[in-house]
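K.L.:
Structural data only, the sequence is not supplied:
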Ligand SMILES: Nc1ncnc2c1ncn2[C@@H]1O[C@H](COP(=O)(O)OP(=O)(O)OP(=O)(O)O)[C@@H](O)[C@H]1O
Ligand SMILES: Nc1ncnc2c1ncn2[C@@H]1O[C@H](COP(=O)(O)OP(=O)(O)OP(=O)(O)O)[C@@H](O)[C@H]1O
Ligand SMILES: [Mg+2]
Ligand SMILES: [Mg+2]
């Protein structure tokens, strides 16, 4: 059974006078009930846009998003998002209690019982509820953001970099909280992060995004142990402690994105003619592991041995 | 006093920083040896930036600094009127911050900003100066520096701005680079690329570096020594590998247990008990005492002793075996 299904989902934005940036380009994937999925990729790759699409906050230009078979066209209670920054998540003029109640579509303070319950569940002590967001620490604000999403009893929880702004110890608290809530409520999670260590601890499966395209997906152990796409390899190599030789080449020029070509070819050590002529599609390499690369098929080329492009 | 380059680059002894009556940095002693990268790690609010700022001479006037010794190549850094001070500060110590856009001017081309520094410190002019600017930008991995020198910061990505700030910091060939969370907020791929570059430059120029971060995995990868701070106190300093394999202070141990990069599974991740103490309230002698599983009576009443050699120094009454 699938909880969420995306087929051909595309969304672009105007950028400058004439150009458009395709923030999410032809996304196709599913999430099962209760599954924990990670979404990784560098800044600007489209992770937040994809989350907003799934949440119904941004409509797709092409393609369909289905939740238990029914198309998603507007925000629903079953899908809730925890936003990237606390300023986005919490209204600075509302008390914490009122901010949490917003998750139920209420903001008049009538849901005191539910608010108190969910606050206890995320470990926010009652004396914090009448306060304003700026009177809370970063970790407490993160808890409030999670409570606001959780109060709606979602079946899918989208977490956009929930711990990026937090210190090591608070990050550990919040990650453990998310894991506990996932087990208690059985809701599926899509966790956006550019920290592969966080994804390694929190997710069963991972989606790797590059300039709007999903370039690889698979079980987290396989992605970290044996990444197939050259971009994923660079991503894995940039984890501290990994071999420097395989690390990312920073883009030196403006990206050249053409519809019928691989988006990664200008940074790719494996790129050949075909990469400029045809766009690679996600293809299974083993059960549940798929990759979109002309050169990742069978042969296990080490990136460092390949020719410079 | 003239600089003596045979000495430790920085020597701090019993350094204290207060805001009003709040003792924020408590009696720390720290040496930065020549040619080594020293990481300063600890939770947010532990005083890392204040220590960096006091070495760089940019501590806010609201803070009161007292120390038995705070010197750079033997020159007293507290005496801001001494003749050697200005040259040392401007030329030998460079600092890079978390937010490059705040450190760079938005209205001058990046090449001009670097040119200003090179002209001032190396006295270059005309074609020689232009060549040096292009070289400085190329050295930090900016492709096509000829063209990029004409850009304004607004036209560059965050990672690119970070590189320009590094080029600016290195332009005067300082002996010490202080990097205060230079890559926080950048994604991990850009972070690795930038730190690789900074460290290559430091090694190539035989500079010293104080690298501030709260990410232990980064400290391990890039630093020779790691110095751990908690609530304004230094609790442990050891060479990087030893911090991970044989940490002696319970706080270092707790910090490792709380780091995602060190955990095998979410179940084995352990947040540190409690939070940093309120520095305005009454404080135990060891400021970790109230969070520490190994705390004893005396941890509350008496300053912990310093033990061990330079390569594995710990400030604790009851260190881990
Ligand atoms: N509302 C918008 N209007 C115009 N462009 C947008 C808008 N939202 C996103 N974009 C563009 O779409 C692309 C993807 O952005 P998105 O925020 O989804 O990336 P991200 O992967 O979440 O990045 P980060 O890791 O920095 O949060 C970027 O080029 C961004 O500039
Ligand atoms: N201008 C100031 N006035 C009063 N207190 C201050 C001031 N600047 C810093 N502090 C306090 O000094 C302590 C140490 O601050 P510092 O900025 O050095 O921490 P840090 O370790 O760099 O933290 P972070 O990792 O968040 O950058 C904090 O408790 C902070 O609140
Ligand atoms: Mg985002
Ligand atoms: Mg700081």
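P.N.:
Now that the structure is in, tell me what you want to look at. Since the structure is predicted, the reported quantities are computational estimates derived from the model, not experimental observations. Numbers count the residues shown, from 1 in each chain, chains lettered A, B, ... in the order given. Ligands and ions are numbered 1, 2, ... in the order given.

K.L.:
can I assume residue A:104 is in contact with residue A:114?
P.N.:
Yes: between residue A:104 and residue A:114 a contact is recorded at 6.7 Å, counting by Cβ atoms under 8 Å. The way it works is simple: take the backbone N, C-alpha and C, and place the C-beta from them, glycine included.

K.L.:
same for the helix or strand residue A:100 falls within, what does it pack against?
P.N.:
Here residue A:100 sits within helix A:96-101, counting by DSSP states H and E. Counting contacts by 3 or more Cβ pairs under 8 Å, 6 or more residues apart in numbering or on different chains; DSSP states H and E, helix A:96-101 is packed against helix A:112-122, helix A:138-150.

K.L.:
residues in contact with the longest one?
P.N.:
What that stands for is helix A:138-150. Under the criterion Cβ atoms under 8 Å, 6 or more residues apart in numbering or on different chains, residues A:80-83, A:86, A:89-90, A:96, A:99-100, A:102-103, A:115, A:118-119, A:121-124, A:128, A:133, A:136, A:157, A:162-163, A:165-167, A:170, A:173-174, A:177-178, A:181, A:185, B:44 lie in contact with helix A:138-150.

K.L.:
Lowest mean pLDDT among the helices and strands, pick that one out for chain A.
P.N.:
helix A:86-89 (a mean of 74; mean pLDDT, DSSP states H and E).

K.L.:
and that helix, what does it pack onto?
P.N.:
Counting contacts by 3+ Cβ pairs under 8 Å, 6+ apart, helix A:86-89 packs against helix A:138-150.

K.L.:
Next secondary structure after the helix it packs on?
P.N.:
Following helix A:138-150 toward the C-terminus (DSSP H and E): strand A:156-160.

K.L.:
how close does the nearest residue to residue A:58 once chain neighbours are set aside sit to chain B?
P.N.:
Closest residue in space to residue A:58, ignoring its immediate chain neighbours: residue A:52 at 4.3 Å, by Cβ to Cβ, 6 or more residues apart in numbering or on different chains. Distance of residue A:52 to chain B, computed by Cβ to the nearest Cβ, to the nearest Å: 19 Å.

K.L.:
Near residue A:52, how many other residues are there?
P.N.:
For residue A:52, the count of nearby residues is 20 (other Cβ atoms under 10 Å in any protein chain shown).

K.L.:
so it, which of the three states?
P.N.:
Secondary structure for residue A:52, judged by DSSP: H, G, I helix; E, B strand; the rest coil, is helix.

K.L.:
same check, this time on residue A:177
P.N.:
At residue A:177, secondary structure determined by three-state DSSP is helix.

K.L.:
who's in contact with residue 80?
P.N.:
Reading this off chain A. Contacts for residue A:80 (Cβ under 8 Å, 6+ apart) come out as A:55, A:103, A:149, A:150, A:152, A:154, A:156, A:157, A:158.

K.L.:
actually chain B
P.N.:
residue B:57.

K.L.:
Tell me which helix or strand it sits in.
P.N.:
Per DSSP H and E: residue B:80 is located in neither a helix nor a strand.

K.L.:
quick one: the helices in chain A?
P.N.:
With DSSP state H, the ranges of helices along chain A come out as A:47-55, A:86-89, A:96-101, A:112-122, A:138-150, A:168-185, A:196-202, A:220-225, A:230-237, A:273-277.

K.L.:
that older thread, between the helices and strands packed on helix A:96-101, which one is nearest to ligand 1?
P.N.:
Nearest to ligand 1 among the helices and strands packed on helix A:96-101 is helix A:138-150 (15.7 Å), distances taken as Cβ to the nearest ligand atom.

K.L.:
Quick one: work out the angle between that closest one and helix A:168-185.
P.N.:
Relative orientation of helix A:138-150 and helix A:168-185, computed by axes from the mean of the first three to the mean of the last three Cα atoms, to 10 degrees: 20 degrees.

K.L.:
List the buried residues in helix A:138-150.
P.N.:
Residues A:138-150 are the ones in helix A:138-150 that count as buried (16 or more other Cβ atoms under 10 Å in any protein chain shown).

K.L.:
By mean pLDDT, show me the worst of the helices of chain A.
P.N.:
The minimum mean pLDDT among the helices of chain A belongs to helix A:86-89 (a mean of 74).

K.L.:
That one close to ligand 1?
P.N.:
No: Helix A:86-89 does not reach ligand 1 (Cβ under 6 Å from any ligand atom); its nearest approach is 11.1 Å.

K.L.:
hang on, the earlier thing: who touches both of residue A:104 and residue A:114?
P.N.:
residue A:151.

K.L.:
circling back: any chance of a markdown table for the helices and strands packed on helix A:96-101, columns distance to ligand 1?
P.N.:
Formatted as a markdown table, these follow (distance: least, Cβ to the nearest ligand atom, whole Å):
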| stretch | distance to ligand 1 |
| --- | --- |
| helix A:112-122 | 24 |
| helix A:138-150 | 16 |
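
K.L.:
which parts of chain B sit against ligand 2?
P.N.:
Listed as neighbours of ligand 2 in chain B under the rule Cβ under 6 Å from any ligand atom: B:19, B:24, B:42, B:44-50, B:60, B:62, B:214, B:279.

K.L.:
okay if I get these as TSV plus secondary structure, neighbour count and pLDDT?
P.N.:
Shown next, in TSV, are these (DSSP: H, G, I helix; E, B strand; the rest coil; neighbours: other Cβ atoms under 10 Å in any protein chain shown; pLDDT from 0 to 100):
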residue	secondary structure	neighbour count	pLDDT
B:19	strand	15	95
B:24	strand	18	96
B:42	coil	27	92
B:44	coil	17	86
B:45	coil	15	87
B:46	coil	26	92
B:47	coil	24	94
B:48	helix	24	94
B:49	helix	18	93
B:50	helix	20	95
B:60	coil	9	91
B:62	coil	8	94
B:214	coil	23	84
B:279	coil	18	92
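
K.L.:
which of the residues you listed lies closest to residue A:194?
P.N.:
Using Cβ to Cβ, residue B:214 is the member of the residues of chain B next to ligand 2 that sits closest to residue A:194, with 16.6 Å.

K.L.:
Contact partners for the closest one?
P.N.:
By Cβ under 8 Å, 6+ apart, the contact list for residue B:214 reads A:167, A:168, B:41, B:42, B:43, B:44, B:48, B:181.

K.L.:
again, 7 Å this time
P.N.:
By Cβ atoms under 7 Å, 6 or more residues apart in numbering or on different chains, residue B:214 lies in contact with A:167, A:168, B:41, B:42, B:43, B:44.

K.L.:
Next: residue A:201.
P.N.:
Applying Cβ under 7 Å, 6+ apart, the residues near residue A:201 are A:175, B:260, B:263, B:265, B:266, B:269.

K.L.:
Filter those residues down to just the buried residues.
P.N.:
Among those, the ones that count as buried by 16+ other Cβ under 10 Å are A:175, B:260, B:263, B:266, B:269.

K.L.:
between these, which is nearest ligand 2?
P.N.:
Closest approach between those and ligand 2, by Cβ to the nearest ligand atom: residue B:260, at 16.7 Å.

K.L.:
Who's the closest spatial neighbour of the closest one, skipping the chain neighbours?
P.N.:
Nearest residue to residue B:260, sequence neighbours excluded (Cβ to Cβ, 6+ apart): residue A:197, at 4.4 Å.

K.L.:
how much space between the one you found and residue A:179?
P.N.:
Counting by Cβ to Cβ, to the nearest Å, the gap from residue A:197 to residue A:179 is 14 Å.

K.L.:
Could you do residue A:146 as well?
P.N.:
12 Å.

K.L.:
One more: residue B:81?
P.N.:
According to Cβ to Cβ, residue B:81 stands 57 Å off from residue A:179.

K.L.:
So between the two, which is more surrounded?
P.N.:
Using other Cβ under 10 Å, the more surrounded residue of residue B:81 and residue A:179 is residue A:179, with 18 against 6.

K.L.:
For the closest residue to that one other than its chain neighbours, which residues are in contact?
P.N.:
Nearest residue to residue A:179, sequence neighbours excluded (Cβ to Cβ, 6+ apart): residue B:266, at 4.9 Å. Residue B:266 sits next to A:175, A:176, A:179, A:201, A:202 when contact means Cβ under 7 Å, 6+ apart.
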